[in-house]
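> take a look and give me a structure for this.
(one chain, ligands or ions: 1)
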Amino acid sequence: MEKSTKFSIPISRRDFMKLAAISGATIAAGGENLSKAAAATPSVKFDDSNIPVIFDTDVCVVGGGAAGTAAAVSSARQGAKAVIIERNALLGGLQTLGCVYPCMPTFIDDSDTPYITELNRRMEQRQGARARNDVVTDFYYGGGQGLYAAESLTLVYEELCAEAGADILYETTLVGAVVENGKIIECIVQTVEGLGKIRAKTFIDATGDALLSRFAGVRTEKGSEQTGRNQPMSLRFEMADVDVNKVCDFFTYTLKDKRMEPPLLKRLKEDIDAGRAPFMEFAKIKENEAFFKQAAKDGKLTEDDILYIQGFSVTGKPNTMAMNCPEMPPLLFSATDAISRSKAIIFGRRMMRRIADFLVSDVPGFENAYISREAGMLGTRETWRIRGQYYLTAEDYWNGHHFPDAVCRTAYPIDIHDVKLNFGKKLSKGEYYEIPYRALITNEISNLIVAGRCASGSFAAQASFRIQPTCMSMGEAAGIAAAWGILRGISANEVRWEDIPQDKRSYVSKG
Ligand SMILES: Cc1cc2nc3c(=O)[nH]c(=O)nc-3n(C[C@H](O)[C@H](O)[C@H](O)COP(=O)(O)OP(=O)(O)OC[C@H]3O[C@@H](n4cnc5c(N)ncnc54)[C@H](O)[C@@H]3O)c2cc1C
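Predicted structure coming up:
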């Protein structure tokens with residue numbers, strides 16, 4: 001999963017200065033435990049007299065991605081009034097707008113919490129196709145592994161919210177928070193009407209960027225403790241009119257470092273025909289590398305383009321491939337810098353065009369293909385993470401740490417896409433670590449729960465817990481805990497997950 005990055009494009013003076021600053025930070029920062037806190041995010045003091053209250057509710061979930069949607073549905077199912085604030089016009093976040101369709105496997109059995117099991121069942125009904133791939137599940141054991149077409153997922157998410165009674169406030173952007181005595185009283189949002197307030201007893205930060213937490217003054221971190229860099233960003237896209245079987249014949253495929261010999265390839269093709277998506281790596285695989293390197297030599301692609309080229313066929317969308325690329329060089333772009341992110345998008349779109357043009361001109365099966373969808377959301381793997389009551393680290397992963405207040409389990413590797421940042425050791429089969437509820441709550445704010453990729457952990461720990469199934473399980477637990485606390489008058493950061501009756505918990509640690 002690791003790839004080295006070459007410096008092959010011109011760098012602006014601003015980027016150079018930034019890189020120099022990062023290098024300095026690297027030397028100063030040292031190892032994982034010497035993590036650097038991110039600077040506080042300023043919040044405007046809002047004069048609340050003129051700002052109308054749009055919702056006064058029990059639970060306000062900010063961010064309707066994988067984690068936030070699970071949180072809203074789960075809290076509403078437990079009897080709380082809930083609303084999701086989402087800046088876009090659909091739920092799913094990276095899963096839908098970011099074109100990240102496959103859920104990675106957790107590499108451990110029994111990791112699917114009830115929400116995930118139900119989601120898979122509903123997605124199979126909606127997509128008319130299995131939400132899992134047989135060939136892949138043979139190789140990558142464990143839970144997760146849902147394969148969701150974005151259009152179906154959004155619809156299913158809206159159905160789940162409607163059935164649970166959770167409201168959705170689309171096209172609404174969080175812009176601030178009002179905090180009194182360590183409690184968020186209301187958050188301030190921007191809608192088409194102007195500013196508005198959302199009052200709630202408990203807030204769930206599922207923005208992916210810990211934005212609500214930052215507005216509320218919670219301590220956060222960003223990037224690698226060793227380099228100061230965030231994980232690289234991608235701008236994913238989809239191509240239609242692809243003869244996927246022909247593409248299969250052209251490339252050499254491996255799964256788990258094993259070459260796919262004809263019988264397995266046959267099963268892969270059967271899966272494609274049945275609408276179940278296989279996992280396809282192009283440039284990363286040794287046998288295909290020469291082909292892409294030649295394209296770079298010929299000037300059809302750049303060295304950056306070929307570092308990470310990966311595609312998947314898409315469940316429920318025949319003749320379509322979703323591309324997990326382009327990946328923009330992490331040395332040049334920062335996911336926690338607004339100007340840099342915009343530059344990354346422009347840079348990425350050019351990479352996308354080159355890759356698509358090359359596939360059409362040089363790869364059998366793509367002759368008639370065209371870009372049918374570009375991600376409407378930048379693919380940020382990691383930005384800000386909170387420093388919560390518990391701080392997960394690589395040691396928790398390596399030691400397979402279990403917790404009495406665990407909300408889910410995973411053994412997904414520490415998956416860092418960057419220059420020689422290798423935390424390569426993997427857990428053995430059957431080993432896993434757990435995520436404690438305390439990694440979702442803070443000391444600073446009593447009525448806040450944080451779920452998803454911005455939960456509390458080091459850069460390395462986040463590189464494991466950031467996958468969709470784990471984000472969904474965290475969201476599910478956040479929703480249950482929020483409702484449990486509200487109905488009993490217990491602050492979110494004083495709820496003890498292990499005190500909630502087992503049949504009400506989405507996950508119970510086996511110790
Ligand atoms: C390129 C890429 C490839 C990946 N590949 C895989 C993969 O193959 N399998 C896998 O399982 N995982 C993969 N991941 C990781 C996974 O997709 C994400 O970590 C996960 O989906 C994050 O979910 P989330 O809900 O925490 O955050 P997000 O999906 O980022 O959701 C955050 C939501 O909050 C909203 N929001 C943010 N700010 C505001 C605001 N101010 N106001 C209102 N709303 C706001 C956003 O619009 C968004 O809907 C990948 C990630 C990337 C970037």
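
> helix or strand for V407, which one?
strand 406-410 (DSSP states H and E).

> name the helices or strands packed onto that strand?
Counting by 3 or more Cβ pairs under 8 Å, 6 or more residues apart in numbering; DSSP states H and E, the packing neighbours recorded for strand 406-410 are strand 433-436, helix 468-488. (C-beta placed from N, C-alpha, C; glycine too.)

> among the ones you listed, which is nearest T302?
Among these, helix 468-488 comes nearest to T302, with 29.8 Å by Cβ to Cβ.

> contacting residues for L153?
L91, G92, Q95, T96, M123 (Cβ atoms under 8 Å, 6 or more residues apart in numbering).

> at 10 Å what do you get?
Applying Cβ atoms under 10 Å, 6 or more residues apart in numbering to L153 gives the contacts 66, 69, 90-92, 95-96, 101, 119, 122-123, 126-127, 146.

> helix/strand/coil for C187?
strand (DSSP: H, G, I helix; E, B strand; the rest coil).

> near the ligand too, which of the contacts of L153?
Subset of the contacts of L153 in contact with the ligand: A66, Q95, counting by Cβ under 6 Å from any ligand atom.

> from the contacts of L153, which land in helices?
In this view, those that belong to helices under DSSP state H are A66, T69, L119, R122, M123, R126, Q127.

> just to revisit the earlier point, most tightly surrounded among the helices and strands packed on strand 406-410?
With neighbours taken as mean count of other Cβ atoms under 10 Å, the helices and strands packed on strand 406-410 reach their highest mean count in helix 468-488, at a mean of 28.

> rewinding a little: strand partners (parallel or antiparallel) of the strand holding V407?
Strand 406-410 has the following sheet partners, assigned by DSSP bridges: strand 433-436 (antiparallel).

> in terms of secondary structure, what does whatever helix or strand comes next after the strand it pairs with contact?
Downstream of strand 433-436, the first helix or strand assigned by DSSP H and E is strand 448-450. Helices and strands touching strand 448-450, by 3 or more Cβ pairs under 10 Å, 6 or more residues apart in numbering; DSSP states H and E, are helix 66-77, strand 194-205, helix 211-215, strand 384-386, helix 468-488.

> so can I have JSON lines of those showing mean pLDDT?
Shown next, in JSON lines, are the helices and strands packed on strand 448-450 (pLDDT from 0 to 100):
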{"stretch": "helix 66-77", "mean pLDDT": "98"}
{"stretch": "strand 194-205", "mean pLDDT": "97"}
{"stretch": "helix 211-215", "mean pLDDT": "97"}
{"stretch": "strand 384-386", "mean pLDDT": "98"}
{"stretch": "helix 468-488", "mean pLDDT": "98"}
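
> contacting residues for I490?
S446, A481, W484, R496, D499.

> just the closest of those residues to the ligand, please.
Closest approach to the ligand among the contacts of I490 (Cβ to the nearest ligand atom): A481, at 16.6 Å.

> excluding its backbone neighbours, what's nearest that closest one?
In space, and not counting its chain neighbours, A481 is closest to V495: 4.9 Å by Cβ to Cβ, 6 or more residues apart in numbering.

> count of residues packed around the one you found?
Burial measure for V495: 24 neighbouring residues, criterion other Cβ atoms under 10 Å.

> the strand holding V407 versus helix 468-488: what angle between them?
With axes from the mean of the first three to the mean of the last three Cα atoms, to 10 degrees defining the directions, strand 406-410 sits at 170 degrees from helix 468-488.

> so how far is strand 406-410 from its chain's centroid?
Relative to its parent chain, strand 406-410 has a centroid offset of 16 Å by Cα atoms, centre = their mean, to the nearest Å.

> what about the closest residue to the ligand within the stretch 251-400 of the chain, distance to H417?
Of all residues in the stretch 251-400 of the chain, G379 sits closest to the ligand, at 3.1 Å by Cβ to the nearest ligand atom. Here G379 is placed at a distance of 11 Å from H417 (Cβ to Cβ, to the nearest Å).

> coming back round to it: ok, of the ones in helices among the contacts of L153, which one's closest to Q226?
Set against Q226, the nearest of the ones in helices among the contacts of L153 by Cβ to Cβ is A66 (27.6 Å).

> surely that closest one and M474 touch.
Yes: A66 lies in contact with M474 (Cβ atoms under 10 Å); the separation is 9.1 Å.

> and for the two, which residues touch both?
Joint contacts of A66 and M474 (Cβ under 10 Å, 6+ apart) are A206, A451, G452, R453.

> mind listing what the third one touches?
Applying Cβ under 10 Å, 6+ apart, one finds that G452 lies in contact with 63, 65-68, 70-71, 93-94, 204-210, 440, 465-466, 468, 470-472, 474-475, 478.

> give me the spatial nearest neighbour of it, chain neighbours excluded.
With Cβ to Cβ, 6+ apart, the residue lying closest to G452 is A67, at 3.0 Å.

> who's in contact with the one you found?
61, 93, 204-208, 440, 450-455, 468, 470-479.

> okay, helices next: where are they in this structure?
Going by DSSP H, the chain shows helices at 13-29, 66-77, 114-127, 134-139, 150-164, 211-215, 244-250, 262-273, 286-297, 338-362, 394-398, 459-465, 468-488.

> can you lay out those helices as TSV showing distance to T383?
Listed next are the helices of the chain as TSV, based on distance: least, Cβ to Cβ, whole Å:
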stretch	distance to T383
helix 13-29	15
helix 66-77	14
helix 114-127	24
helix 134-139	29
helix 150-164	22
helix 211-215	9
helix 244-250	33
helix 262-273	34
helix 286-297	29
helix 338-362	9
helix 394-398	19
helix 459-465	10
helix 468-488	14
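
> lowest mean pLDDT across those helices, which one is that?
When these are compared by mean pLDDT, helix 13-29 comes last with a mean of 37.

> A338: neighbour count?
7.

> what's the burial count for P318?
Neighbours of P318 (other Cβ under 10 Å): 14.

> show the pLDDT at it.
You'll see P318 listed with a pLDDT of 81.

> now it: how far from E303?
Distance from P318 to E303, by Cβ to Cβ: 34 Å.

> interface residues of the chain facing the ligand?
Applying Cβ under 6 Å from any ligand atom, we find that the chain lies next to the ligand at 62-68, 85-88, 93-95, 98, 100, 102-104, 173-174, 206-209, 211, 234, 236, 324, 379-381, 452-453, 466-468, 471.

> PyMOL command for the buried members of these?
Command for PyMOL that selects the buried part of those, burial taken from 16 or more other Cβ atoms under 10 Å:
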select buried, resi 62+63+64+65+66+67+68+85+86+87+88+93+94+95+98+100+102+103+104+174+206+207+208+209+211+234+236+324+379+380+381+452+453+466+467+468+471
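
> quick one: which of the residues of the chain next to the ligand sit in strands?
In strands, defined here by DSSP state E, the members of the residues of the chain next to the ligand are V62, I85, T173, L174, S234, G379, T380.

> dump these to JSON lines, plus pLDDT.
Below are these laid out as JSON lines (pLDDT from 0 to 100):
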{"residue": "V62", "pLDDT": "99"}
{"residue": "I85", "pLDDT": "98"}
{"residue": "T173", "pLDDT": "98"}
{"residue": "L174", "pLDDT": "98"}
{"residue": "S234", "pLDDT": "97"}
{"residue": "G379", "pLDDT": "98"}
{"residue": "T380", "pLDDT": "98"}
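
> quick one: the residue of the stretch 251-400 of the chain closest to the ligand and N230 touch, right?
No: using Cβ under 10 Å, G379 is not in contact with N230, being 11.7 Å away.

> shared neighbours, the two?
A335.

> ok, of the ones in helices among the contacts of L153, which come out buried?
Buried, going by 16+ other Cβ under 10 Å: A66, T69, L119, R122, M123, R126, Q127, out of these.

> got the contact list for the fourth one?
If you count contacts by Cβ under 10 Å, 6+ apart, R122 has them with A131, S152, L153, L155, V156, Y157, E159, L160.

> ok, so of these, who is nearest P404?
Proximity of those to P404 (Cβ to Cβ) peaks at L160, which lies at 29.4 Å.
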